[in-house]
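> have a look at this fold, sequence not included:
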């Protein structure tokens, strides 16, 4: 009776392919960089159009102090905005699950917050709150808010008919259905939304810095473009991208710890 | 356990039937008017008995099971589970239910899945522990496995252990082995009989497999698809314990042929 074989575990297999997974794209990137370097020299492409990779690398090293000093406010704003935007989306989604009336009255407002382009709201917020941290955080939060709200709601509603019947047979209360079923069902959807939110929060902070900020990667980008300082522009871009990638990866690590029960597989994302 | 002990239980005058239905009708409202799932079902199941509901897909057998479980309200008729209403039986945790897909919560280990009903309403007095039940269904040693690490048959075993954890007097099973391969299914049929005799619970078992119904049951209720409402209650003239080889006996083959003819 115990001869039924469980499905093979997938974990060791994943580890074995881990190295290859990273090696192949790295080779492609290295080849592209080499081609770019070669083409720049060979065809004499001016630096303000496309600086050579070696020049960008040099700038990254030389200006690392400036770049990192400007990364701090951007990282701060995106992290705070990420926390506030997703936090309020999660709380509101929980409220919606418990009160259909709340959902009916507030949801259209939430949709509206999405339809107005962030870039259009940003100057307004900068006008109201000045050029400090506040407008950056708000814009980053606003950009995270809606996809997380929608995904969280979708997750809460993703219970199957059998699961509802199971909890009814156990005579579970609404509260128990929420805590023992809906909350867990929402987690894969939440993490899918959070992964999107990481890069969105960084974009939000940078857009806010374009419009009016004394420091931050966004401000550095504007300054570099005014000065036709292409290497610094590219370097800023790389630093922002690297930070967003780290942020994205960190959420992925947390997801893997929290959802360790889940066989690896994607969840459809509504955003 | 032997046939003799069973008949003793059945003739005990103090024993209430596990289940009694009279004139139970279920109709659904749809776009094309009222659709009848089934009409005037009468049924009595002795305490500790094993009844199968046999019929093709769409004949309303799952709906009938859900009426007994207080998941669907009948349009007409009365249902009595252990002498009380299905709702009261459900709140008293006298009903266990096993779904066609195991419906385990994937974020819980096998043991945690079995313990779920206890987290909601506490442990019944004198009941078996989740670990003991996992052993009963043959999964000792797999307590900490997550559902995705278990085979379909193993998942169904966990689901049976979960349904038994509140010590129910009536176990309702909705095509629990329908998605399994035949070898696993026959093995689990055999084990279900062992579990039934071990726990003494009454079982209502929904299936569309004639051999499965004959092999397991004391009685088989045959339901037809559509509004014809024709059905028959057939006693299975085979004693327990049943050996898997009984499937090849002339009695078994004859009853199976008769049921197949009823399904038409």
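Sure, I can see it. Quick caveat, the model's predicted, so the values are computed rather than measured.

> worst-scoring helix or strand of chain B, pLDDT-wise?
In chain B, no helix or strand scores lower on mean pLDDT, DSSP states H and E than helix B:3-11, which sits at a mean of 37.

> how about the next helix or strand after that one: buried residues?
Going down the chain from helix B:3-11, the next helix or strand is strand B:19-30, by DSSP states H and E. The neighbour-count check on strand B:19-30 (16 or more other Cβ atoms under 10 Å in any protein chain shown) flags B:19, B:20, B:21, B:24, B:25, B:26, B:27 as buried. In this view, the C-beta of every residue, glycine as well, is placed from N, C-alpha and C.

> cool, and stretch A:166-179?
A:166, A:167, A:169, A:170, A:171, A:172, A:176, A:177, A:178.

> report the distance from it to the chain centre.
How far stretch A:166-179 lies from its chain's middle: 34 Å, per Cα atoms, centre = their mean, to the nearest Å.

> and it, average pLDDT?
Mean per-residue pLDDT for stretch A:166-179: 95.

> picking up where we left off before, what's the closest of the buried residues of strand B:19-30 to residue A:38?
Nearest to residue A:38, judged by Cβ to Cβ, of the buried residues of strand B:19-30 is residue B:26 at 76.7 Å.

> what's the pLDDT at the closest one?
pLDDT, residue B:26: 88.

> specify the beta-bridge partners of it.
Beta-bridge pairing for residue B:26 (DSSP bridges): residue B:38.

> likewise the one 4 residues further on?
Legend: beta-bridge partners of residue B:30 under DSSP bridges are residue B:33.

> quick one: contacts of stretch B:181-201?
For stretch B:181-201, contacts defined as Cβ atoms under 8 Å, 6 or more residues apart in numbering or on different chains pick out A:1, A:4, B:1, B:48, B:50, B:96, B:136-138, B:151-153, B:156-157, B:160, B:164, B:168-171, B:176-177, B:180, B:203, B:205, B:209, B:212, B:215-216, B:240-242, B:244.

> filter these to the buried ones?
Neighbour-count burial (16+ other Cβ under 10 Å) is assigned, among the contacts of stretch B:181-201, to A:4, B:48, B:50, B:96, B:136-138, B:152-153, B:156-157, B:160, B:164, B:168-171, B:176-177, B:180, B:203, B:205, B:209, B:212, B:215-216, B:242.

> just the ones of those residues in strands?
B:50, B:96, B:170, B:171, B:203, B:205 (DSSP state E).

> could you give the mean pLDDT of stretch B:36-46?
The average pLDDT for stretch B:36-46 rounds to 86.

> just the buried residues of it, please?
Neighbour counts over stretch B:36-46 (16+ other Cβ under 10 Å) mark B:37, B:38, B:39, B:41, B:43, B:45, B:46 as buried.

> show me what the longest helix belonging to chain A is packed against.
In chain A, with assignment by DSSP state H, the single longest helix is helix A:64-98. Contacts defined by 3 or more Cβ pairs under 8 Å, 6 or more residues apart in numbering or on different chains; DSSP states H and E place helix A:64-98 against helix A:100-115, helix A:133-156, helix A:183-211, helix A:217-226, helix A:230-258.

> in terms of mean pLDDT, which of those ranks lowest?
The minimum mean pLDDT among those belongs to helix A:100-115 (a mean of 88).

> what's it in contact with?
Residues from elsewhere that reach helix A:100-115, judged by Cβ under 8 Å, 6+ apart: A:92, A:95, A:96, A:142, A:145, A:146, A:149.

> and the angle for it with helix A:133-156?
Angle of helix A:100-115 versus helix A:133-156, following axes from the mean of the first three to the mean of the last three Cα atoms, to 10 degrees, is 130 degrees.

> got the angle between the next helix or strand after helix A:100-115 and helix A:100-115?
With elements assigned by DSSP H and E, the helix or strand that comes after helix A:100-115 is helix A:118-129. Taking the same axes, to 10 degrees, one finds helix A:118-129 and helix A:100-115 inclined to each other by 100 degrees.

> restricted to helices, list the buried residues of stretch A:166-179.
With DSSP H as the criterion, helices contain A:166, A:167, A:169, A:176, A:177 from among those.

> what's near enough to touch the second one?
I take that to be residue A:167. Shown in contact with residue A:167 (Cβ under 8 Å, 6+ apart): A:176, A:177, A:180, A:181, B:120.

> closest one to residue A:34 out of these, please.
Nearest to residue A:34 among the contacts of residue A:167: residue A:181, at 53.5 Å, using Cβ to Cβ.

> surely the closest one is within a strand?
No - counting by DSSP: H, G, I helix; E, B strand; the rest coil, residue A:181 is not part of a strand but helix.

> hang on, it packs against residue A:159?
Yes - under the criterion of Cβ atoms under 8 Å, residue A:181 makes contact with residue A:159 at 5.9 Å.

> residues in chain B within reach of chain A, list them.
Counting by Cβ under 8 Å from any Cβ of the partner chain, chain B comes close to chain A at B:66, B:69-71, B:90-91, B:93, B:95-97, B:99, B:101, B:103, B:105-108, B:116-117, B:119-121, B:138-139, B:145-146, B:148-151, B:153-154, B:184, B:187, B:191.

> same thing but at 7 Å, please
Residues of chain B lying close to chain A (Cβ under 7 Å from any Cβ of the partner chain) are B:69, B:71, B:90-91, B:95, B:97, B:99, B:101, B:103, B:105-107, B:117, B:120-121, B:138, B:146, B:148-151, B:153-154, B:184, B:187, B:191.

> of those, which belong to strands?
Using DSSP E, the subset of those located in strands is B:95, B:97.

> which of the residues of chain B next to chain A are buried?
Looks like the residues of chain B next to chain A have B:69, B:71, B:90, B:95, B:97, B:99, B:101, B:103, B:105, B:107, B:117, B:120, B:138, B:146, B:148-150, B:153-154, B:184, B:187, B:191 buried, using 16+ other Cβ under 10 Å.

> quick check: which ranges of the stretch 101-250 of chain B have low pLDDT?
Low-confidence segments of the stretch 101-250 of chain B, defined by pLDDT under 70, span residues B:225-230.
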